[in-house]
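Participant: My questions are about this predicted structure, shown below with the sequence.
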Protein chains: 2
Amino acid sequence: MNDSSDEGAERGTPSPRTEDTPRKGTRRKDARRNKETLLDAAAQLFVTSGVDAPVRDIAARAGVGLGTIYRHFPTRADLIIAVYRHQVESLAEAGPRLLAAAGSPHAALARWTDLFVDFLVTKHGLAAVLQSDNTGFETLHSYFLDRLLPVCTELLDAAAAAGEIRPGLTAYQLMRGVGNLCVGAESDTRYDARRLVALLVVGLRGDVMPQA
Amino acid sequence: MNDSSDEGAERGTPSPRTEDTPRKGTRRKDARRNKETLLDAAAQLFVTSGVDAPVRDIAARAGVGLGTIYRHFPTRADLIIAVYRHQVESLAEAGPRLLAAAGSPHAALARWTDLFVDFLVTKHGLAAVLQSDNTGFETLHSYFLDRLLPVCTELLDAAAAAGEIRPGLTAYQLMRGVGNLCVGAESDTRYDARRLVALLVVGLRGDVMPQA
DNA sequence: CGACGATACGGAACATGGTTCCGCTTAGCA
DNA sequence: TGCTAAGCGGAACCATGTTCCGTATCGTCG
């Protein structure tokens, strides 16, 4: 996974960087490592404690100081957005990897869907956080679709080609369905979205015996 | 407008209140007055500064201390809910009053709609605030429909009976339409929901000349 | 290899906003 | 006219985002 955060749009200063720099944000590798650590820590904490997790907790979990967070991510919202992009990226890369590593395409699809649910749980708090910069949210959302739909399609196609699932379900339908199953997953302990999603994926295989 | 806030469900203590107390929350009238003042101040501030208006600002606007707020409304969310109910109540009472006072039923409808927009602006921030107690939000929402639909219907019927508007629009359709026009009205200065709503209401009168 | 400057780091200090506490005031009653 | 409990104001407290700055470390250059 590459940096994938705020390096895309350079600061106003026309830095005399040689043109062929291999797009790493910084020269010191401890800084890059810390950034990664932070993104991971934040992602984990967002899953367990929601996007409202205090910045201090994230710093503690990552084992860094507050200053470190704020140098990498000028603002809390920036961190959240970075986590979001980071997760989209991970998810996109996980597709082919799982396909290669898992026992079967369907198993890969199941594992991928599970990761997707993690992502959605993080995502849901997002809209509330991004009230201010809601154009940024639109951008993010389209980025999310552009990046992930092909990956999901690939997983579905592979499973279909292997004859492991009944064909005809589009990636968009699946992702939308999973997304909807996850709506309101927080703040309701009686509701287990993950289980329902798992059932859905199992149901995708045609070999479950009908009831009678 | 009566108290309309947290008196409905009594605290756990079985207070030895005589059974025929005329359901006023408190014995001292300054307290009741302060509560009203607070609800009004909060409502105004919510319109101009959003539901995120600091408690201190509300206290200042109402000319009371912080303690006063927190005695009447144990928590920020309680205050917001109370304002919501209070506004629904005001809106419900405003219907007949406007009908009696305004020059024509259509004028009454126009004024009422304007008040309704004020209310919606306040309302939209609400969902975010009530993450925790989302059952309470459902309750509130149905209360809102139950209370307001008849009022709006009465206004529409009066205007229709006076021949001032083209008939056939239900109260639900109107309220829903206005509500949708107001979605996202905050955080976008280029969008003036109020103007669009006004246009809609004007359009309700049939006497605008078609273009050709 | 050692010095040195830029880069990054940690965390104290600050700002802001919700909530609690408590001594003082006052309405309502006898 | 007192008395007393209900109310009141606002200082103090706590939690959280953000800034600042002295210190530590990396990477380079002599």
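Facilitator: Received the coordinates, thanks. Numbering: from 1, shown residues only, chains lettered A, B, ... in the order given.
Participant: going forward, measure contacts and count neighbours with C-alpha atoms only.
Facilitator: OK.
Participant: pull the helix or strand with minimum mean pLDDT from chain A.
Facilitator: Lowest by mean pLDDT, DSSP states H and E among the helices and strands of chain A is helix A:105-129, with a mean of 81.
Participant: helices or strands next to it in the packing?
Facilitator: Helix A:105-129 sits against helix A:29-49, helix A:76-101, helix A:134-161, helix A:171-182, helix A:193-204, with contacts defined as 3 or more Cα pairs under 8 Å, 6 or more residues apart in numbering or on different chains; DSSP states H and E.
Participant: could you check whether stretch A:54-62 is close to DNA strand D?
Facilitator: Yes - residues of stretch A:54-62 contacting DNA strand D under Cα under 7 Å from any atom of the strand: A:Pro54, A:Val55, A:Arg56.
Participant: List of residues touching that stretch?
Facilitator: A:Thr37, A:Leu38, A:Ala41, A:Ala42, A:Leu45, A:Gly65, A:Leu66, A:Ile69, A:Arg76 (Cα atoms under 8 Å, 6 or more residues apart in numbering or on different chains).
Participant: and the closest residue to A:Thr170 other than its chain neighbours, how many neighbours?
Facilitator: Nearest non-adjacent residue to A:Thr170, counting by Cα to Cα, 6 or more residues apart in numbering or on different chains: A:Thr153, 7.1 Å away. Here the number of neighbours of A:Thr153 (other Cα atoms under 10 Å in any protein chain shown) works out to 18.
Participant: A:Thr153 touches A:Gly168, doesn't it?
Facilitator: No - with contact defined as Cα atoms under 8 Å, A:Thr153 does not reach A:Gly168; the gap is 11.3 Å.
Participant: Surely A:Ala198 touches A:Ala110?
Facilitator: Yes - A:Ala198 is within contact range of A:Ala110, at 7.4 Å (criterion: Cα under 8 Å).
Participant: if I pick the spatially most central residue of chain A, what's in contact with it?
Facilitator: By Cα atoms, centre = their mean, chain A has its centre lying nearest to A:Gln87, at 2.7 Å. The contact partners of A:Gln87, taken as Cα under 8 Å, 6+ apart, are A:Ala43, A:Phe119.
Participant: neighbours of A:Gly67, just the number please.
Facilitator: 11.
Participant: Could you look up the SS state of the residue of chain A at minimum distance from DNA strand C?
Facilitator: Evaluated by Cα to the nearest atom of the strand, chain A has A:Gly67 as its residue closest to DNA strand C, separated by 2.8 Å. Assigned with DSSP: H, G, I helix; E, B strand; the rest coil, A:Gly67 falls in the helix class.
Participant: do you know how far it is from A:Ala77?
Facilitator: 16 Å (Cα to Cα, to the nearest Å).
Participant: Count the residues that sit near A:Val47.
Facilitator: Counted with other Cα under 10 Å, A:Val47 comes out at 18.
Participant: Surely it and A:Phe116 touch.
Facilitator: No - in this structure A:Val47 lies outside contact range of A:Phe116 using Cα under 8 Å: 11.9 Å.
Participant: just to revisit the earlier point, may I see the helices and strands packed on helix A:105-129 organised as CSV, with distance to DNA strand C and mean pLDDT added?
Facilitator: Formatted as CSV, the helices and strands packed on helix A:105-129 follow (distance: least, Cα to the nearest atom of the strand, whole Å; pLDDT from 0 to 100):
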stretch, distance to DNA strand C, mean pLDDT
helix A:29-49, 4, 92
helix A:76-101, 14, 92
helix A:134-161, 20, 83
helix A:171-182, 28, 83
helix A:193-204, 29, 86
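Participant: could the ones you listed go into TSV alongside distance to A:Ala60?
Facilitator: What follows is the helices and strands packed on helix A:105-129, written out as TSV (distance: least, Cα to Cα, whole Å):
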stretch	distance to A:Ala60
helix A:29-49	9
helix A:76-101	15
helix A:134-161	28
helix A:171-182	29
helix A:193-204	28
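Participant: Which one of those helices lies nearest to B:Gln173?
Facilitator: helix A:171-182 (26.6 Å; Cα to Cα).
Participant: Which positions in that closest one come out as buried?
Facilitator: A:Ala171, A:Leu174, A:Met175, A:Val178, A:Gly179, A:Leu181, A:Cys182 (16 or more other Cα atoms under 10 Å in any protein chain shown).
Participant: wait, what's in contact with the fourth one?
Facilitator: For A:Val178, the residues meeting the contact criterion (Cα under 8 Å, 6+ apart) are A:Val117, A:Val197.
Participant: so can I have TSV of the buried residues of helix A:171-182 showing distance to A:Ala161?
Facilitator: Converted to TSV, these look like this (distance: Cα to Cα, whole Å):
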residue	distance to A:Ala161
A:Ala171	15
A:Leu174	17
A:Met175	19
A:Val178	22
A:Gly179	25
A:Leu181	27
A:Cys182	28
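Participant: now A:Asp30: how far from chain B?
Facilitator: 38 Å (Cα to the nearest Cα, to the nearest Å).
Participant: Count the neighbours of the nearest residue to A:Leu99 once chain neighbours are set aside for me.
Facilitator: In this structure, A:Leu99 finds its nearest non-sequential neighbour in A:Ala108, 5.3 Å apart by Cα to Cα, 6+ apart. Residues within reach of A:Ala108, counting by other Cα under 10 Å, total 24.
Participant: wait, doesn't A:Ala108 sit right on A:Leu155?
Facilitator: Yes - taking Cα under 8 Å as the definition, A:Ala108 is a contact partner of A:Leu155 at 7.4 Å.
Participant: Mutual contacts of these two, please.
Facilitator: Joint contacts of A:Ala108 and A:Leu155 (Cα under 8 Å, 6+ apart) are A:Gly95, A:Leu99.
Participant: What parts of chain A come near DNA strand D?
Facilitator: Residues of chain A lying near DNA strand D (Cα under 7 Å from any atom of the strand): A:27-30, A:52-56, A:66-67, A:70, A:74-77.
Participant: which two from those residues end up farthest apart in space?
Facilitator: For the residues of chain A next to DNA strand D, and using Cα to Cα, no pair is farther apart than A:Arg27 and A:Asp52, which are 31.8 Å apart.
Participant: So for these two, which sits in the more crowded spot?
Facilitator: Using other Cα under 10 Å, the more surrounded residue of A:Arg27 and A:Asp52 is A:Asp52, with 13 against 8.
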